[in-house]
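>>> Below are the sequence and a predicted model; questions follow.
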Amino acid sequence: MYNLILFGPPGAGKGTQAIKIAQRYSWKHISTGDILRSEVSQGTALGLQVKAVMEGGHLVSDELLIEIINSVFLKNVDAAGFVFDGFPRTLNQAHELDKLLVSLNHSVNQVLSLEVDEGELVKRLLNRAQEQGRVDDTEEVIKNRLVQYHTHTKPLQQYYMDKGLYTEVYGVGGIDDIFESLCKAIKQ
Ligand code: ADP
């Protein structure tokens, strides 16, 4: 089982690329953002719990995220691999993911980080706000999501660098060109 984490700030293109990678390698794509948004739109108990947090651009609690990952992972233990998109987002989540994988004799195999400068990120997120109407894509909330990223998520770079798992890929340009750069970096 190959476990790939697609890493990067909001708007880096993780979702778009994760879908393409999952298709090419026949891996299972896990997007915690998509899972949470679907809970919100279905109005489940979990969705009601996380709606305001997400709309404010804050992070949902580690406990909830870990519960979600455990359940998705355990439903797909036969998968050839996973592409994690939007998870882990905190050091605590990274530690819990390691524990989960180790308990099943697996591990994180690789972390690919999409490198996009902040000006381009804000531009893309504002564009997406117009096109998809995501309620967390307003200027104020975008700023907050970037702050959350720098505070809680960026430290994961060092964590995975120390493990020798971390590679950066330039994330500006055509979707297919970026995809090919990612595939070249995948050691599988
Ligand atoms: P983005 O496009 O900003 O990377 P996502 O679609 O991955 O956003 O996630 C949207 C929102 O869902 C986040 O702003 C956060 O509130 C919540 N969320 C998703 N994944 C996580 C996570 N691993 N930990 C905490 N909150 C998360």
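That came in fine, so what should we check first?
>>> Next one: Asp136 from the ligand, what distance?
6 Å (Cβ to the nearest ligand atom, to the nearest Å). All C-beta spots, glycine's among them, are computed from the backbone N, C-alpha and C.
>>> What distance do you get for the residue of the chain found nearest the ligand to Thr16?
Nearest residue of the chain to the ligand: Gly33, at 2.1 Å (Cβ to the nearest ligand atom). Computed as Cβ to Cβ, to the nearest Å, the Gly33 to Thr16 distance reads 12 Å.
>>> Next: Thr153.
Distance, Thr153 to Thr16, by Cβ to Cβ: 19 Å.
>>> Work out for me the element the residue of the chain closest to the ligand sits within.
Using DSSP states H and E, Gly33 maps to helix 32-42.
>>> Thr153 and Thr16: who's more crowded?
Neighbours per residue (other Cβ atoms under 10 Å) separate Thr153 from Thr16, with Thr153 holding more: 22 against 14.
>>> how many other residues sit next to the residue nearest to the more buried one when sequence neighbours are not counted?
Of all residues not flanking Thr153 in the chain, Arg89 sits nearest, at 4.8 Å (Cβ to Cβ, 6 or more residues apart in numbering). Residues lying near Arg89 (other Cβ under 10 Å) number 20.
>>> surely Arg89 meets Thr151?
No: contact criterion Cβ atoms under 8 Å: Arg89 and Thr151 do not qualify, at 10.6 Å.
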